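Chemist: fold the following, please.
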Amino acid sequence: MRWALVKVCLAVTAMVVVAFAVPLGLVVKEMARDRAFSDAERQAATIGPTLSITTDRAQLEKAVLTTEPGAAGRMAVHIPATGEPDGVEVDIGHGHATREELETVRVSGRAAITEVTGGSVLLQPTAVGPEGIAVVEVFVPQDAVSHGVTTAWLMLAGVGVALIVGSVAVADRLGVRMVEPARRLAGAAHDLGEGRLGTRVPEEGPDELRSAAVAFNSMADQVVQLLANERELAADLSHRLRTPLTVLRLNAASLGEGPAAEQTRAAVEQLEREVDTIIRTAREQRPQTQPGGPGAGCDASEVIRERMDFWSALAEDEGREVRLAGVERTLRIPVARPELAAALDALLGNVFRHTPEGTAFAVDVHHSGDAVIVLVSDAGGGIADPKAALARGGARDAVGSTGLGLDIVRRVAESTGGDVRIGRSVLGGTEVRVWIGLDGQRPRGGGRGHRVGRQRRRRGVGRANL
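Modeler: Reported below is the predicted structural model:
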């Protein structure tokens, strides 16, 4: 498109230059010719007064020499025989015209221009006496006729070339201004079609392309929003199913033995795996919470209290002692409410899934200035290999799960610059420590999170039960 525009502009400009330059060049040539012969007529007219006074040869020669063409040997005067007493025609100066041409001018009485070798001659008739007509001949050389024409033509050619080059340059810039935005728009559409949803187009260029870029960016934003809403809906709905599935799984475990009980437990496990697969698929492409993002934060204390209220009912049915501490004041964290709820449900669901009924557990929340630490502890058998448990599909999550629980927790923590660690709790079982950063800085080994854990162990378990 760019080169097509340049070619069109080149062709149009060349046509315009030719249409104007050629006639203008011919006009310049004709003006130079007219100027040369007008000057010759003026020089010939200067001899007229002398011829009207006298036809004396000496005086006429002197008058011819006083003119510019006469001094240069380019003027002649032809006086007819009737103008002399002895009846002989007088020729003054060097003539170029033939007798026939001179006679034709005398008879017609009008000036004439005749082509001769090396140029042209102007024949100007002038009356001498009542019957005689003299002819003043002025020779105009060829270079005088074309004087200045070559220079003018060269200037016209230069102006034409400059116009063509300038038009090509302007067309090229206009082509770039039009083609580059169109090319970027096409590339962005291709990228968006291949799934690169962050592709956007700079809103620049001509008004039409700018409007197209604005429409494309708006469309891309809507596509991203629609996909995000769908993934959010799928993840949230699937996640909401996990909690009742955990209850259903625990109830199925109490059905005893028998084909119906085994089929029920197998169906529950299969359903759990399918729900985990849906959550993983949705969350793998779902944008994670960014620290400090608009609308991303929530009150950690409020969310933890809400989820503990839910799990406490199931804990009461199974005879589990529950302890919650550190949620008395507001703790704003840069994590979306659904994300934090999903992480807590994953941790508490693991406690119910992997510890026997009657096993106590606790949730402690600490604020260390630059981070919020959530400790989920239980009095179960603990984890033999904490490092393997943090890996997807490792240790504790491997039984009847896809390993997604701790992966969800780790993603939430790492989105704020924090991390997840597993250790031994003061209750004798497992302690999962979730570090949620408030300033985007990752914790260092042996840092504040470890000190909080040691202080908690020294204080013991003297907290109110729910």
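
Chemist: burial check on residue 166, number of neighbours?
Modeler: Burial of residue 166 is recorded as 11 neighbouring residues (other C-beta atoms under 10 Å). (Each C-beta comes from the backbone N, C-alpha and C, glycine too.)

Chemist: err, residue 69, not the other one
Modeler: For residue 69, the tally of surrounding residues (other C-beta under 10 Å) stands at 22.

Chemist: ok, residue 230 - contacts?
Modeler: Applying C-beta atoms under 8 Å, 6 or more residues apart in numbering, one finds that residue 230 lies in contact with no residue.

Chemist: in the stretch 51-200 of the chain, which ranges drop under the pLDDT threshold?
Modeler: Across the stretch 51-200 of the chain, the stretches falling below the confidence threshold (pLDDT under 70) are 82-88, 129-131, 176.

Chemist: same thing but 80
Modeler: Within the stretch 51-200 of the chain, the segments meeting pLDDT under 80 span 51-56, 70, 81-90, 128-132, 144-149, 167-181, 195, 197.

Chemist: show me where it has helices.
Modeler: Along the stretch 51-200 of the chain, the segments classed as helices by DSSP state H, counting those that start in this stretch run 57-65, 68-71, 99-108, 142-145, 149-193.

Chemist: please work out which of the ones you listed is packed deepest.
Modeler: Across the helices of the stretch 51-200 of the chain, the average number of neighbours (mean count of other C-beta atoms under 10 Å) peaks for helix 68-71, which reaches a mean of 17.

Chemist: which residues does it contact?
Modeler: Helix 68-71 has contacts (C-beta under 8 Å, 6+ apart) with 40, 43, 63-65, 75, 93, 138-139.

Chemist: which one of those is nearest residue 420?
Modeler: residue 40 (108.4 Å; C-beta to C-beta).

Chemist: now distance to residue 437 too, for the helices of the stretch 51-200 of the chain, in JSON lines please.
Modeler: Supplementary listing: the helices of the stretch 51-200 of the chain in JSON lines, determined by distance: least, C-beta to C-beta, whole Å:
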{"stretch": "helix 57-65", "distance to residue 437": "111"}
{"stretch": "helix 68-71", "distance to residue 437": "102"}
{"stretch": "helix 99-108", "distance to residue 437": "112"}
{"stretch": "helix 142-145", "distance to residue 437": "93"}
{"stretch": "helix 149-193", "distance to residue 437": "33"}
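
Chemist: coming back round to it: go through the contacts of helix 68-71 and name the one nearest residue 248.
Modeler: If you rank these by distance to residue 248 using C-beta to C-beta, residue 40 comes first, at 121.1 Å.

Chemist: contacting residues for the closest one?
Modeler: When the contact criterion is C-beta under 8 Å, 6+ apart, the partners of residue 40 are 69, 122, 138, 140.

Chemist: which of those has the most neighbours?
Modeler: When neighbours are counted as other C-beta under 10 Å, the busiest of those turns out to be residue 138, with 28 neighbours.

Chemist: could you measure from it over to residue 34?
Modeler: Residue 138 sits 15 Å away from residue 34 when distances are taken as C-beta to C-beta, to the nearest Å.

Chemist: equivalent analysis for residue 175, please.
Modeler: The gap separating residue 175 from residue 34 is 45 Å, by C-beta to C-beta.

Chemist: again, but for residue 423
Modeler: The gap separating residue 423 from residue 34 is 110 Å, by C-beta to C-beta.

Chemist: mind listing what's buried in stretch 255-273?
Modeler: Judged by neighbour count (16 or more other C-beta atoms under 10 Å), stretch 255-273 contains these buried residues: 264-265, 268-269, 272.

Chemist: how far out from the middle of the chain is that stretch?
Modeler: Centroid separation for stretch 255-273 versus its chain: 58 Å, with C-alpha atoms, centre = their mean, to the nearest Å.

Chemist: about what we covered before: closest to residue 258 among the contacts of helix 68-71?
Modeler: Distance to residue 258, by C-beta to C-beta, is smallest for residue 40 among the contacts of helix 68-71, at 134.5 Å.

Chemist: the closest one and residue 122, how far apart?
Modeler: Counting by C-beta to C-beta, the separation of residue 40 from residue 122 is 4 Å.

Chemist: what touches both of these two?
Modeler: Between them, residue 40 and residue 122 share the neighbouring residues 138, 140, with contact defined by C-beta under 8 Å, 6+ apart.

Chemist: and residue 357, what does it touch?
Modeler: Contacts for residue 357 were tallied using C-beta under 8 Å, 6+ apart; they are 250, 318-320.

Chemist: just flag the most distant two among the residues you listed.
Modeler: Of all pairs drawn from these, the one with the longest distance (C-beta to C-beta) is 250 and 319, at 12.2 Å.

Chemist: which one of the buried residues of stretch 255-273 is nearest residue 212?
Modeler: Within these, the smallest distance to residue 212 is 48.1 Å, found for residue 272 (C-beta to C-beta).

Chemist: ok, that closest one touching residue 250?
Modeler: No. Using C-beta atoms under 8 Å, residue 272 is not in contact with residue 250, being 11.8 Å away.

Chemist: picking up where we left off before, wait, which of the helices of the stretch 51-200 of the chain is closest to residue 116?
Modeler: In terms of C-beta to C-beta, the element of the helices of the stretch 51-200 of the chain nearest to residue 116 is helix 99-108, at 9.1 Å.

Chemist: sweet, I'm off.
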